[in-house]
Every structure is written in structure tokens, then in C-alpha cells.
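A.B. asks: dropping the sequence and predicted coords here.
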Amino acid sequence: MLRYIVHRLLLMIPTLAGVAVLVFILLRMMPGDIVELKLLAEGGGVDQATIAMERARLGLDKSLLGQFWDWMKGLATGDLGISMWTGRPVSEEIASRLELSLQVALMATVLATVIAIPLGTISAIFKDTWIDQTIRVFAIAGLAVPSFWLGMIIILTLLLSFNWIPPLTYVPIYEDPWHNLSQLIWPALAVGYRYSAVATRMTRSTILEVMQEDYIRTARAKGLRERIVVARHAMRNAMLPVITVIGLEFAFLIGGLVVTEQVFNLNGLGKLFVETVTRGDFTMVQALVMLIAAFFIFVNFVVDLLYAAFDPRVRYR
Amino acid sequence: MNVKALLLIGAALVAVSGAVHAQKRGGELKFGVSAEPPNYDCHANSSFAFIHPVRPHYSTLLEFDPKSYPKVRGDLAQSWAVSKDGLTYTFKLRQNVKFHDGSAFSSADVKASYDRIRNPAQGVVSLRKAAYSDIESIDTPDANTVVFKLKAPNAALLSLLASPWDCIYSAAKLKQDPKFPEKNILGTGPFSFVEHAAGSHWVGKRFDGYYEKGKPYLDGYRAIFIRNTAARVNALQAGEILAEFRGHSPADRDKLVNALGKKIEVHESPWVCSLVVTFNTEKKPFDDPRVRRALSLSVDRWGGAKALSRIALVRHVGGVLRPGYDLAASSSELAKYPGYGKDVKAARAEAQKLLKEAGVANLKFKLTNRNVPMPYTPVGVFLIDQWRQIGLNVEHEQLDTKLYQAALRGGNYEAGLDFNCDFMDEPNLQLLKYISADKSTINYGRYQDRTLDDLYEKQIRATSTGERKKLLRAFEQRVFDQAYTFPTIWWHRIIVHWDQMKGWHMSPSHYLNQDLADVWLDQ
């Protein structure tokens, strides 16, 4: 097992290197210039000399190889560089938003898991009854409704019913839990609903599949109670694809809540991602892509390890 | 807009003009800003997203009188005198002014700040260097006097010195590091800096050592960055913010008026911003003045202004200067320009004749526009419809600001919808959009017209208003005859804020009146 973990960890290095090369090349292919955007977007009039000076200051006058080498050198030493837009360290810019994004992702994951696993299981047990139909309608509605749209409906409902909207600025949960939760519970609900719908459908279908297996028939033949058959034999095996879905969705939420963050005015990584791509802030986009790629790889790795915990037949070497 | 909304706006305006309140001290003003400044240096920025959170920290030498724009009054200057030849400006400065770190302000700070703008050190970005090219020297005979000497008279100098971008920095700090203002806030303004939470908010608190005793009234302010328009309007409706100072669309105004009634005030004003059509004159057939003139002629500006003002923040028909401004063309003068007559049919017939003469039948081209819904999209759609009515086929290409800018600056466009926005009405600024590309960094038409350049230079040096007006009309006539770049419809600024916010004054620019020194909360 230990050998497997080390092997997987080492494999992350070439994967991340591939991502680094790809993002570097793709960004440089994009038209537009951050310096012109910064100095001229609002009609400012500057001469070419000033633009050239600013480009040199940001290292944009160097050859592509030179820029890539600088970036790789920084990555190797844990230095993500300076944001080309704000001039602040990229690590600071990301750190100030990561906490919020992680919290929303965690809250949405907990919410989705708490809803999806019982609902999916009940739906499978009561297959084709009105209970199953109701849960399926609930799940399909969750898949059909975009999170940002649900977020807008939540905001408008709160505004029109109570003349209130969630707070606009973030306060960490350890400083003011009430303020924090009253801001983040709503986006977590909006995102968690879609997330739970995906997981509910997956739970239902995998449980239905597992319930057809020989060992379930054997368990029943042994005279085990249905609750034990489902909880101990079916669910445990059915959870593997569900864990994969939950893991991938969680990783996606870290940087993928682009529109939902705008709707709730959340200062998270999704909003930062869109802003930096729009501006062409290479250093910031590169760092964010690397962060999210690393997160995805890590979550996949953890999911693989969980497989072993859930299924005794799975053993890694 | 419905009748109820109109009545409420009227009532609010009456209340604003008639009410006299005793100012109250205290409270934190929360307002929304739709973007965020990239750095903290006034001299290197050009966006309202900078002015709104940062301006309250700084003073300028002069400023526009908030109650009677465009009158200029002293901010750090107490008084001033201009020599008869218009070449020497002597400013007497206020005494006992302090920076937020407690250090004393003097004439050396004014000199250091303007020298930084005029002649920035290596690595310092100054966006307004060209505006002060007429200044020969700045002298400081004593700690309370500063003298600007010019190479040639400049009719706009006093107004330029009232620019909200010309923050006065500490000479001592600039000496230590010319780039100090990029990452630090240290001014003599009414509020000192507390924090900037990147992507979230900006906080300032009352500076007790502010030179005007008793001011500012607010304990502090909090600028909250809210990028999404709907989120900003919702925040305003819920009272999470009390104001947003750039401007609202008519639809958002009506929504807020209907929801909040007398709890809000509505201010409206013509805006020193216009959208202009510019042609890439290096591309055929836009190298032909007849084609460009035909496209200008076919636009029904009067009808468009009426229709668009219901849905977009544009309303006023004008020439190269804001309608209503002293030096702008009057209605009768405007009517003489091609494309400004009331007989649209005749203008379109003439446009079609010009296109025929130029040998351009069934013209097809792309209008490159900025992907900003208000007001770029509706005005772009309007123009395309106008051109469709003379048989043209125009594709609307809307690009993100970075791509849009790259297309315009790089000449990768045929026709573009460009903007012209300034902090004040001033021909020296607004006309820069129209003079030759080798003389102006904001002209993307890629043409050279020495007649326009010559008229521009002459109007700067004009010694009387009458002479300047005459030169401006000649300039304007040339603009419409050649139509390299022509104005469409001028913007209309709408501000909605909660009634409890007092002491803020509307202006035709979203860059002005934002130091918040006079603002107070009636709570």
C-alpha cells in the first residue's frame, strides 16, 4: 500500500508538469494585453514608451522560453509570482479567497451527501412506487435547474419576502459564525441541490445494480433482515461510484462556482478565476490552474484510497 | 417608466433641492463599486473603480465646486492669481494641513506630485503627462506658495489642476521611493486608510487632522466591490449598500423607485461620456470620406436618443462636446451638421447617393463593440438597424474589453464603437479622440488630418471664449465632413441612493465629488 501511495504521489509530478506546459502555451495564444487593459481600458491616454516600460516591468518583454523558465523556477521554489494586475503576491491573492471557496464546497458536499445517500437508497428500495417517483422528480429537477439560477431565485425570494439579502462581505466562521453562516448557507444550498441530485441518481442506480448481485441473494437466503442486507451488503459496495462522483464534484466546486459566486457576490476562487482570465493576468491564471489541477489529482488519489477502505477486495500494490 | 415612478422621482428631486438639514456626525457609509482598482496610485489610474474607494484619502490642489460645477475652487490651494500674459499661476496654500501620518504638508509636496506627473521617474506610470506638457517649471518660493510657469498660455490649466487624479503625495515619501503610492495610501484627504480586502471591500476612517474643522461627518466608509449588476441593485434595494456612484440604467432606477419609493433619492444629469463610431481608415471602403459620411448621415440621432433613453443610459444628442456645456454647439448649430437634421428620410437618401457615388453597393461589414451591456449593446444594435435601413448588412461583433481593445488598437476591425469619457467638459480632452492618430493615443481611426490638428492647437491657445468657440465649431464641422470618427448619443447619468445619505452632489462626471468630505448620514 505504501509503495502504491508513493508511486501515485510521484506520478503527480509529470501530470502537473504537463498541465503547466499546456496552460502556459494556451495563455500566450490568447489575444489582448494586460498592460493595455490596465492603462487604457477607461480611456486613459498613454504613449507606447509607457506601455513598453510596464510590459518590461512585468517580464512580458522576455522570450517565451525565458518567461517559462522564470515560472518553472518559481514553482520549484514555491514562489507563484506576482499578480500582473494588482502587483501583490499570487499566493496572498489566492489564500484570501481559498478559505471561502473551501467552506462553500465543504458545506455543499455535506448537504449533498446527507440528502443524496438516504434519498437514493430509499428510491432504490421502493423502486417504481410513488416514493421512488417523487425522489426521481426531485433529483431530475436538481439536474435541470442551474445552480446560479436557483441562487438568483433564492436571493429574489429573500429580498421580496424579507427585504433582506445575505451579507456581502465574508467573515470567517471562527470570528462570527452567525454572519458567516447567514452568508454562505444560501450558495451552499443552491449548489448542494444540484450536487445532491447527481449523487442521488448515482446512489439509486448503483444500489439497484448491486441488489441484483449473487451475494445479495445469498445474504437474503441466509435469512438476513432486509435492512442488514441493504445497509451492510448492498450500500457498502454501491458506495464506490458514489464516492467518485462526490469527490469529483467537490474538486470542481473549489474553482468552478463561477456564476454562483457572482450572484451571491462571494469573493471566492471562481470569481477570481474569471476576473483574471478576462484581464489576461498570466501569473494568476497559471497559479489557479495549477492549484485546481493539483486539487483534482489529490481528490482522485484520496478517492482511490477510499475504494480500498470500502471494498476489501481492492488492494493496491 | 410608469407615472408612479415619475411622481416619486419628482418628489425626490424637489426634496433634494428644497430641504436644508443640519449635518449629523457619525456612521459608516456603505456603497457599491462594480470593479476594483489594480493599484493605489492616482497618477497611474483612469477608472471610476479607483476614484470611488481611493479619492476620499487624498486632496488635490484645486477641485470642482460640488455645488456649482464647472466652477473651480481651492482644495489645498487657498487662493491663486494668474499673470496677465497667462503664463504664471501663483497658488497660496492652506496652512496647518497634515498628512495622515502626522507630517506637515507644504509647497514641496505639490511640486513633487506634479513633477511626478509631468516627468515620472523610471518605472513610474503617469497617464497624464501629456496634459501638463505646457508647464515649463514649478517653483516653491516658500512653504505656502507654489508657482507654475507655462511655456504658452493654456485655457484649460485651472480645470486640469482640479483633476481628481492629481492626488498630492508626500514629497518626503516620493524622495525615498517614487513608487511609494503604488502600494501605500498616504494623503491629506478627509479619510485615512484602514484596509483593502482584495476582491471584497475597501475601508476608510475619519481623519481627525483634516484641514476643514468638523469634517468629514462620517466615521468612515466601506466600498464593497460588487461586480454583478443585478447583485448591486439587489444590495441597494435591501439597504446593504446606500449608494452606487457610477450610474444606473433606467430599468434599474424604475425597479428601485417602485420598490423603495420615498426612501430613496434619484439624481439625473447629462454625462461627460459619449459613444463614438470610428472607422479603420486603412481598410476599404472606409478610406473614402463619402462612405464614412453616408454612415454618419443615416443615423437618426434624435429618434435614437428618444427610444434608447427608455432602456439605456444614453439620452442626449450632441456634437463633439457634451450638450449643455458652454462651449458645445447650440441646437441651431447642431442642426447644420450632416446627420443632425430632423428630416431623416432626406438624410438617408443623401447617404444612399453618396454610397452610390463611391461605388459601394450592398456594403457588408463588422461593427466591433465592447461586450458591456450598458450602454454598448443597445447602441450597437441601434446603429446596425439604422444602417440596415439604407441597405447595409452589418454584423455585430461584441468582444471582452481586452479583445476589443486589442482589435481597436491593433487595427483589426472595420468599424468600431468606441467611447469618450472624461472627468470634466474640456475640449482639450474630448477632442483628443478626433485628432490624428500620431498625435493622440486614444484615436484608433489610423488617420492623419493636419487640419483637425491645427484647429485643436489653435483652440488651446485661444485667448477669448468667442475665439475658442469659433475654432471649435470649425473643428466640429471638419469632424462631420470627414467622419473618420463621429459621435452617436451622449450618456445620461442616473444615481439612486438611500434618502439617509445626505451632502452628496450630482455632477456630469462619475469621477467628481467623491471625496465624501461633505457626506453625512441622517440616522
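C.D. replies: Great, that's in hand.
A.B. asks: so where's the chain shaky on pLDDT?
C.D. replies: Went with chain A since none was named. By pLDDT under 70, the low-scoring segments of chain A are A:41-45, A:312, A:314-317.
A.B. asks: chain B was what I was after
C.D. replies: B:1-21.
A.B. asks: can I see the domain layout of it?
C.D. replies: Following automatic domain parsing, one gets these domains for chain B: B:3-242+B:500-521, B:270-492.
A.B. asks: max-length helix in the chain?
C.D. replies: I went with chain A, as the question did not name one. The longest helix of chain A (DSSP state H) is helix A:90-125.
A.B. asks: try chain B instead
C.D. replies: Chain B, longest helix under DSSP H: helix B:465-482.
A.B. asks: got the buried residues for that helix?
C.D. replies: Neighbour-count burial for helix B:465-482, counted by 16 or more other C-beta atoms under 10 Å in any protein chain shown, picks out B:468-469, B:471-480, B:482. Bear in mind the C-beta positions are built from the backbone N, C-alpha and C, glycine included.
A.B. asks: pull the residues that contact that helix.
C.D. replies: Residues from elsewhere that reach helix B:465-482, judged by C-beta atoms under 8 Å, 6 or more residues apart in numbering or on different chains: B:155, B:289, B:292-293, B:296, B:319-321, B:326-327, B:329, B:333, B:337-340, B:427, B:431, B:434, B:449, B:451-452, B:455-456, B:458-459, B:462, B:485-486.
A.B. asks: filter those residues to the buried ones?
C.D. replies: Buried among the contacts of helix B:465-482 by 16+ other C-beta under 10 Å: B:155, B:289, B:292-293, B:296, B:319-321, B:327, B:329, B:333, B:337-340, B:427, B:431, B:434, B:449, B:452, B:455-456, B:458-459, B:462, B:485-486.
A.B. asks: among those, which are in strands?
C.D. replies: B:T485, B:F486 (DSSP state E).
A.B. asks: sorry, back to before: let's have the buried residues of helix B:465-482 in JSON lines, adding distance to A:P146.
C.D. replies: Converted to JSON lines, the buried residues of helix B:465-482 look like this (distance: C-beta to C-beta, whole Å):
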{"residue": "B:R468", "distance to A:P146": "57"}
{"residue": "B:K469", "distance to A:P146": "56"}
{"residue": "B:L471", "distance to A:P146": "57"}
{"residue": "B:L472", "distance to A:P146": "52"}
{"residue": "B:R473", "distance to A:P146": "55"}
{"residue": "B:A474", "distance to A:P146": "56"}
{"residue": "B:F475", "distance to A:P146": "52"}
{"residue": "B:E476", "distance to A:P146": "50"}
{"residue": "B:Q477", "distance to A:P146": "53"}
{"residue": "B:R478", "distance to A:P146": "52"}
{"residue": "B:V479", "distance to A:P146": "47"}
{"residue": "B:F480", "distance to A:P146": "48"}
{"residue": "B:Q482", "distance to A:P146": "49"}
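A.B. asks: quick check, nearest of those residues to B:T401?
C.D. replies: In terms of C-beta to C-beta, no member of the buried residues of helix B:465-482 lies closer to B:T401 than B:V479, at 25.7 Å.
A.B. asks: how near is the closest one to B:L399?
C.D. replies: As judged by C-beta to C-beta, to the nearest Å, B:V479 and B:L399 stand 26 Å apart.
A.B. asks: now do A:G32
C.D. replies: Taking C-beta to C-beta, one finds A:G32 at 9 Å from B:L399.
A.B. asks: before we move on, what about B:I135?
C.D. replies: 38 Å.
A.B. asks: before we move on, back to that, extract the C-alpha set from the longest helix of chain B and format it as PDB.
C.D. replies: Extracted C-alpha coordinates of helix B:465-482, given in PDB (Å, rounded to 0.1, in the frame of the first residue of the first chain):
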ATOM      1  CA  THR B 465     -14.200  82.300 -25.300                       C
ATOM      2  CA  GLY B 466     -15.600  83.700 -28.500                       C
ATOM      3  CA  GLU B 467     -12.500  82.900 -30.500                       C
ATOM      4  CA  ARG B 468     -12.300  79.400 -28.900                       C
ATOM      5  CA  LYS B 469     -16.000  78.700 -29.800                       C
ATOM      6  CA  LYS B 470     -15.400  79.700 -33.400                       C
ATOM      7  CA  LEU B 471     -12.400  77.400 -33.700                       C
ATOM      8  CA  LEU B 472     -14.400  74.600 -32.000                       C
ATOM      9  CA  ARG B 473     -17.200  74.900 -34.500                       C
ATOM     10  CA  ALA B 474     -14.700  74.700 -37.400                       C
ATOM     11  CA  PHE B 475     -13.200  71.700 -35.800                       C
ATOM     12  CA  GLU B 476     -16.600  70.100 -35.400                       C
ATOM     13  CA  GLN B 477     -17.600  70.800 -39.000                       C
ATOM     14  CA  ARG B 478     -14.400  69.100 -40.200                       C
ATOM     15  CA  VAL B 479     -15.200  66.100 -37.900                       C
ATOM     16  CA  PHE B 480     -18.600  65.600 -39.600                       C
ATOM     17  CA  ASP B 481     -17.400  66.300 -43.100                       C
ATOM     18  CA  GLN B 482     -14.600  63.700 -42.800                       C
END
